[in-house]
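Student: Return a 3D structure for these sequence lines:
(2 chains)
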Protein chains: 2
Amino acid sequence: MTIAPTRFATRIQAARQALRAADDIALLVGVGADLRWLTGYDAMNLERLTMLVLGREGEPALVVPRLEAPRASLAPAVAAGMVHLVTWEETDDPVAQVPELVRTTPITGGAESVPAARVPRLLVSDRLWASFVLRLQAAFPRVPFGLASEVLRGLRMVKDADEIALLRSAAEAADRVVLAIAGGRLVGRSEADVAREVRERLLDEGHETAEFAIVGSGPNSASPHHEASDRRISAGEPIVLDIGGAFSGYGSDITRTLWATGAADARPDPGFVGLYEVLREAQAAATAAVRPGVPAEEIDATGRSVIDAAGFGPNFIHRIGHGIGLEGHEDPYLVAGNREPLQPGNAFSVEPGIYLEGRHGARIEDIVVCGAAGPDVLNRVTRDLLVVHGT
Amino acid sequence: MTIAPTRFATRIQAARQALRAADDIALLVGVGADLRWLTGYDAMNLERLTMLVLGREGEPALVVPRLEAPRASLAPAVAAGMVHLVTWEETDDPVAQVPELVRTTPITGGAESVPAARVPRLLVSDRLWASFVLRLQAAFPRVPFGLASEVLRGLRMVKDADEIALLRSAAEAADRVVLAIAGGRLVGRSEADVAREVRERLLDEGHETAEFAIVGSGPNSASPHHEASDRRISAGEPIVLDIGGAFSGYGSDITRTLWATGAADARPDPGFVGLYEVLREAQAAATAAVRPGVPAEEIDATGRSVIDAAGFGPNFIHRIGHGIGLEGHEDPYLVAGNREPLQPGNAFSVEPGIYLEGRHGARIEDIVVCGAAGPDVLNRVTRDLLVVHGT
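Tutor: Numbers count the residues shown, from 1 in each chain, chains lettered A, B, ... in the order given. A predicted model of the protein is given here:
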């Protein structure tokens, strides 16, 4: 399962149309998800400039260090001749090569032809490093800069069938890892040791990277982005397991909350069970609310209202979800204030959490695709509290 | 082995002195090596702003999303009270909080008090994302921006004893992985499969991340940054193995060239042996040239002259090395044009390569620390061509 090469031509064309519609000059796309989405090139993210220059017209150019030309030439859009390579040598200044590549549209003086509010800009990829941004700004002193996401987000946000298939494969692989961890030993092991097993299992399941493995046990379960530590997991406490990585480039991201009873069968106390039931209901309600046309913020509000009603409102301290695709976090964000209507093909997490600081917490997270008729939930592991022996 | 907490106070003080000496306003440090070097905080690199605001005076502030406050509060410089946390909620604009934190020095109007050539600037970390850079520039419309490396590079470039110990541990771990791969089966396996084993072994050896595993076999050995592919390794061909990751935050990076003879004992042909001997001599000469006061570019020139003399000059298409520390590639770069003299405590790779496109290539890489009297070579695996059975 990969992205068909013809898709890159379609994407480049769509990006160019969006660039023209925005009346901007060019996209300057560094290493990262935008580059991969447009060309299929999965480049090393290093201090040597790699940059796709995509103007309104003409053949797009991919600036690459010469030593990476063999690698870049294998990228689908390059191999298919849609993008040509411009290589630079170790002692060249690659940023100096960009202005001559941005030549199909008048740059300076372009401002005269349009209203001041729409001065044509150069749009840099959102994750381009400051070291490149400042050098590019110096190379184009009279041109305002904007973010490439202004034209690309609307395109990247709607996943096609191949992308959804990859996200589904990623989710299924992560599901198997959660089940394996839940079925194994936990009590007496350190969080870091469990995190290590998670990473290995993600790779075993076909992920090319295992990007995160949050293992928050006992009081650490109340820290949403806890870093797995040397703390030893005890019987009779919860474990928030939030794991993911990239699978053929596309992200997995699942959270389940476990409770390890140990040999003494130390089952969850009623307080935790009650908290978890509220969370379970909130996550289900938010997921059920997913359908085209619903504002993104409404998914957040739907889950939050369940948690608020139970009195845990102040303990749900983050948005309910984030988009996912070639980036682990991307548009659309399901957060108060984002009134964009959901569209078929949007893919995002639905992940409410309730955190009682110093005591315990819980989170449930699935990746959900907005289908034509409602939610398509990619993760299939039960959302019940995973009460396990852990011995 | 970790960095002693008192080191962070020393580093923050040194950064502040350098900031004052540069007559700039403040350092705005996002997630990454600069933040980790200054505070010990190993943050998740996501779309939520995390930013250290370090002005000329006053207590440094670390802006973090509220959900990461528990994690951030464990960072050494925060736990020790050297840096205070400023948290923001999901629906806040964190960038809007930065200007009020940059208040110990006059910002607008500062330009009047100094010569125009030294307008005080805000210095952003080199790897800060464009999405943050452009928003910060909008928040400070009258202030010029520069890069934090202008004040931090000179500090970070000189490793202390603890950092060198970590680099040595990282190198020794990577050495063991190279030896394990060289001693195992290679013939008939895909490059990607070997790369996968490399990553697992790096984790087994205590790395927290296995960042790269270049496995270039046969003609792929001529692509310096080859991405491990489905190509099956045959008997009677070279394999360039360039691997590394992070070990307690500090990078490992070693390259060795193997030759798999297979059961048929297909040993290297004289052409490849000759090429390799030139490379071996170049790498040894470059390493031997390391000592304080020698310009960085001279290490490159020393290795290159050996390769040039043998007629392979056009086939050595990259600089001879890069600094290493909390980043896999950092200052100092050993490249023509960098006349900075080496200092005791500089740590960098020495890695010449010779590449015959479409045919084969070889590279040898060690991490070397510039000691008071000469090179301290951290990798200990033999630099001879590793002729192995691979069966």
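
Student: which parts of the stretch 51-200 of chain A sit against chain B?
Tutor: A:65-68, A:70-71, A:74, A:89-91, A:124-131, A:133-134, A:145-147, A:149, A:196, A:199-200 (C-beta under 8 Å from any C-beta of the partner chain). Bear in mind the C-beta positions are built from the backbone N, C-alpha and C, glycine included.

Student: Could you turn the buried ones of these into a PyMOL selection?
Tutor: The PyMOL selection below is limited to those of those classed as buried (16 or more other C-beta atoms under 10 Å in any protein chain shown):
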select buried, chain A and resi 65+66+67+68+70+71+90+124+125+126+127+128+129+130+131+133+134+145+146+147+149+196+199+200
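
Student: show me where chain A has helices.
Tutor: For chain A, the helices defined by DSSP state H cover A:6-21, A:33-39, A:69-72, A:76-79, A:98-101, A:130-139, A:149-156, A:161-182, A:191-204, A:270-288, A:296-309.

Student: now those in CSV, with mean pLDDT and distance to B:Ala373?
Tutor: What follows is the helices of chain A, written out as CSV (pLDDT from 0 to 100; distance: least, C-beta to C-beta, whole Å):
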stretch, mean pLDDT, distance to B:Ala373
helix A:6-21, 96, 54
helix A:33-39, 98, 45
helix A:69-72, 94, 39
helix A:76-79, 96, 48
helix A:98-101, 93, 44
helix A:130-139, 98, 34
helix A:149-156, 97, 52
helix A:161-182, 98, 50
helix A:191-204, 94, 39
helix A:270-288, 98, 62
helix A:296-309, 98, 62
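
Student: what about those helices, which gets the closest to A:His329?
Tutor: A:His329 lies closest to helix A:33-39 among the helices of chain A, at 10.4 Å (C-beta to C-beta).

Student: ok now that closest one, how far from the chain's centre?
Tutor: Relative to its chain's centre, helix A:33-39 lies at 14 Å (C-alpha atoms, centre = their mean, to the nearest Å).

Student: what's that helix packed up against?
Tutor: On a contact count with 3 or more C-beta pairs under 8 Å, 6 or more residues apart in numbering or on different chains; DSSP states H and E, helix A:33-39 meets helix A:6-21, strand A:26-29, strand A:51-55, helix A:76-79, helix A:149-156.

Student: So for A:Thr104, what pLDDT did the model give?
Tutor: At A:Thr104, the pLDDT value in this model is 58.

Student: Tell me which residue in the stretch 1-150 of chain A sits closest to chain B.
Tutor: Residue nearest to chain B within the stretch 1-150 of chain A: A:Pro70 (3.6 Å; C-beta to the nearest C-beta).

Student: Quick one: residues contacting the residue nearest to that residue when sequence neighbours are not counted.
Tutor: The shortest distance from A:Pro70 to any non-neighbouring residue, by C-beta to C-beta, 6 or more residues apart in numbering or on different chains, is to B:Ser223 (3.6 Å). Counting by C-beta atoms under 8 Å, 6 or more residues apart in numbering or on different chains, B:Ser223 makes contact with A:Pro70, A:Arg71, B:Gly216, B:Tyr355, B:Gly361.

Student: please redo it, this time with the cut-off set to 6 Å
Tutor: Counting by C-beta atoms under 6 Å, 6 or more residues apart in numbering or on different chains, B:Ser223 touches A:Pro70, A:Arg71, B:Gly216.

Student: which outside residues touch stretch A:284-296?
Tutor: A:299, A:302-303, A:306, A:320, A:332, A:334, A:338-344, A:350, A:368, A:370, A:374-375.
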